[in-house]
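Asker: 3D model of this:
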Amino acid sequence: MPTPMTFDWNDLRYFLAVARTGRLTAAARTMGTDHATVSRRVASLELRLKAKLFERSPRGYALSDTGEKLLRHAERMEMEAAKIHDDIAGELFTLSGSVRIGTPDGFGSYFLMPRLTELTLANPELHIQLVATPRLFSLSKREADIAIVLSRPEKGRLFSRKLTDYTLHLYATADYLDNAPPITCTEDLAAHLLVGYIPDLIYTPELDYLSSVVGDLAPRLSSTNLFAQLRTADTGKGLAFLPDFIARHSPRLIPIHPALFEIRRTLWLVAHQDLRDSVRVRTVMSFIADQVAAAREDFLPEFSNSD
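Answerer: Coordinates of the predicted model:
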């Protein structure tokens, strides 16, 4: 009769560290040991399970199909360990591992990144990776653990929550407006250097701002990068539709007829169902939601009639 397999929880902790970082050296730093120990622990776990848990390559360690299955079980065990620690020891469980967040460039770089320092300083063993770029993220392929998106996903094993609505307005500097034709209606924008996204490279319909406001009027200067648009308007070279949570903090930018030129969009917080019980993912999601709620005035500002 074969002997029952003895299962070592510590091997699972090393497995989780490699799964979250993708590299032995990074996992070793997380675990406070050397890469040889991490490699030995992972190999021991694979031997006990008689399964290949990772695909090795020069780029690092990627989970195999079996590794993906084990990850779900291991994270549930981690969550239960956290509950035991909290209930019995009466202390908060220390978050560890990595969490990758995929966000639009403006929200991630301008709003979220500076605020994440608070969370990382409070949890020295937690590593947060922010991918702030204008693209869609595949959570099923583990391109990110958490994604901030502009439309609620309708397919896939995902769970989501609404973060906030936010507004965009048309902005320019006082110098630009003083030396350009007056703007009193939408048709007047044709006489101005309008800056926006490259129409055929817009990755989600929610970024197609101009067509919803000015119809077929295409921007004469365009970029896939929000900060390129922001910089152009901020230096007085043109005008652009910009998120209020960014533009209103520039001392030079002025909203142009806020009641006339207003666009409203929504940010959604999304994660894979398999990570729903992950302590670190739930904690990071809650932190993001709290930070957004505290900054509601930035996302939905009220403009006076004189603006």
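Asker: surely residue 25 meets residue 37?
Answerer: No: assessed by Cβ atoms under 8 Å, residue 25 is found out of contact with residue 37, at 11.6 Å. Bear in mind the C-beta positions are built from the backbone N, C-alpha and C, glycine included.
Asker: which one of these two has more residues nearby?
Answerer: A direct count of neighbours by other Cβ atoms under 10 Å for residue 25 and residue 37 places residue 37 higher, at 15 against 12.
Asker: enumerate every residue touching the more buried one.
Answerer: 14, 28, 31 (Cβ atoms under 8 Å, 6 or more residues apart in numbering).
Asker: give me the below-cutoff pLDDT ranges for the stretch 151-300 of the chain.
Answerer: 276-277 (pLDDT under 70).
Asker: what's around the closest residue to residue 71 other than its chain neighbours, how many residues?
Answerer: Nearest non-adjacent residue to residue 71, counting by Cβ to Cβ, 6 or more residues apart in numbering: residue 19, 5.5 Å away. Residue 19 has 25 neighbours, counted by other Cβ under 10 Å.
Asker: and whichever strand or helix holds residue 19, what does it pack onto?
Answerer: Per DSSP states H and E, residue 19 falls inside helix 9-21. With contacts defined as 3 or more Cβ pairs under 8 Å, 6 or more residues apart in numbering; DSSP states H and E, helix 9-21 has these neighbours: helix 24-31, helix 35-49, strand 60-63, helix 65-84, strand 97-103.
Asker: touching, residue 151 and residue 208? I think so.
Answerer: No: counting by Cβ under 8 Å, residue 151 sits too far from residue 208 to count as a contact (12.0 Å).
Asker: on that earlier part again, can you tell me which of the contacts of residue 37 has the most neighbours?
Answerer: residue 14 (24 neighbours).
Asker: ok, and the closest non-adjacent residue to residue 208?
Answerer: residue 202 (5.4 Å).
Asker: so in the chain, which strand runs the longest?
Answerer: Ranked by residue count and defined by DSSP state E, the top strand of the chain is strand 158-173.
Asker: centre of the chain to it, how far?
Answerer: 14 Å (Cα atoms, centre = their mean, to the nearest Å).
Asker: counting contacts, what elements does it pack onto?
Answerer: helix 226-234, strand 239-243, helix 244-247, strand 253-255, strand 262-272, helix 279-294, helix 296-299.
Asker: make CSV out of the ones you listed and add distance to residue 173.
Answerer: Shown next, in CSV, are the helices and strands packed on strand 158-173 (distance: least, Cβ to Cβ, whole Å):
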stretch, distance to residue 173
helix 226-234, 7
strand 239-243, 9
helix 244-247, 11
strand 253-255, 6
strand 262-272, 19
helix 279-294, 28
helix 296-299, 20
